[in-house]
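> Sequence first, predicted model second:
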Amino acid sequence: MKSLRTALKLLADGGINFVIVGGFAAVARGSLQITQDLDICYERTPENLRRLANVLAPYHPRLRAAPQDVPFVFDERTLTQGMNFTLETDLGDIDLLGELSGVGQFSEVVRDAISLPLFGESYRIASLETVIRSKRAAGRPKDLNSLPELEAMKELSDKQLKNKAKG
Amino acid sequence: MTREEQEYLYNLVQNPPPGSKIEAAKKYGVDLTLNLRRLAMTPTERVQEMESASELVQELQRAAAALKK
């Protein structure tokens, strides 16, 4: 898990445009979920794909839980031809999402993301609204089970902002 | 988060408006006081606490797997 911090720093230092999404984003925003992987939504420009491939390739990305003999080359071409990748790397499990279900691609996800300080760096983290929409769209029992907490947190946050504005 | 903000949120959690998402979460079994405690932390502290919990869960899973053998 702590290696995922290294992954985050590498991605940022590599100049990659991405937003932290999923459980990690929910936790950074106060959720009690426990997550083992890092989900990011990345921008699908040729330059960003090239950078992403260069930064992660040294950490041997492979398709998570796929049989060893399934051929997989992690490079710019593969990223261009695919969209969402669930990877196991030397740094931990990382999901690279070109498109977030229920939300859209990077341009949609980044719209209401905010930068938060994390481990001494600043990272763009998806809004609770985006996390909620993606989890609802994913529709797996574990995603749906997390909705009551996330929706309550969003309501608390909205009410807090309103109350603050009232002064 | 200021003390006033903490108090405001605490009161909302203790007395959620009827029909609200906060009320629904409480009925679902979510202990939102834990979330309030997390919200008082920095994002880094929140992730660090999750990491500790995650390590504990993994340790328990390993222990459970060892028992089955």
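Done, it's in. Remember, predicted model here, so these are calculated numbers, not experimental data. Residues are numbered from 1 along each chain as shown, chains lettered A, B, ... in the order given.
> neighbours around the residue in chain B that chain A sits nearest to, how many?
Nearest residue of chain B to chain A: residue B:25, at 3.5 Å (C-beta to the nearest C-beta). (C-beta placed from N, C-alpha, C; glycine too.) Look at residue B:25: counted by other C-beta atoms under 10 Å in any protein chain shown, it has 24 neighbours.
> Doesn't it lie inside a helix?
Yes. Residue B:25 sits within a helix when classified using DSSP: H, G, I helix; E, B strand; the rest coil.
> what sits against it?
Contacts for residue B:25 were tallied using C-beta atoms under 8 Å, 6 or more residues apart in numbering or on different chains; they are A:148-149, A:151-152, B:32.
> which residues in chain B form strands?
Read by DSSP state E, chain B holds no strands at all.
> what residues does it put near chain A?
Within chain B, the positions lying close to chain A (C-beta under 8 Å from any C-beta of the partner chain) are B:5, B:8-9, B:12-13, B:20-22, B:24-26, B:28, B:30, B:32, B:34-35, B:38-39, B:42-44, B:46-47, B:50-51, B:53-55, B:57.
> Got a ChimeraX select line for the buried ones in the contacts of residue B:25?
Buried residues within those, by 16 or more other C-beta atoms under 10 Å in any protein chain shown, are selected in ChimeraX with:
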select /A:148,149,151,152 /B:32
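> Just flag the most distant two among the contacts of residue B:25.
A:151 and B:32 (11.3 Å; C-beta to C-beta).
> Name the spans of chain B whose pLDDT lies under the cut-off.
Along chain B, no part satisfies pLDDT under 70.
> again with chain A
For chain A, residues meeting the criterion pLDDT under 70 lie at A:1-2.
> Which elements pack onto the longest helix anywhere in chain B?
For chain B, the helix reaching the highest residue count under DSSP state H is reported as helix B:43-68. Other helices and strands packing on helix B:43-68, by 3 or more C-beta pairs under 8 Å, 6 or more residues apart in numbering or on different chains; DSSP states H and E, are helix A:22-28, strand A:114-118.
> What count of nearby residues applies to residue 24?
As the question left the chain open, I've gone with chain A. With other C-beta under 10 Å as criterion, residue A:24 counts 27.
> I was after chain B.
Residue B:24: 16 neighbours (other C-beta under 10 Å).
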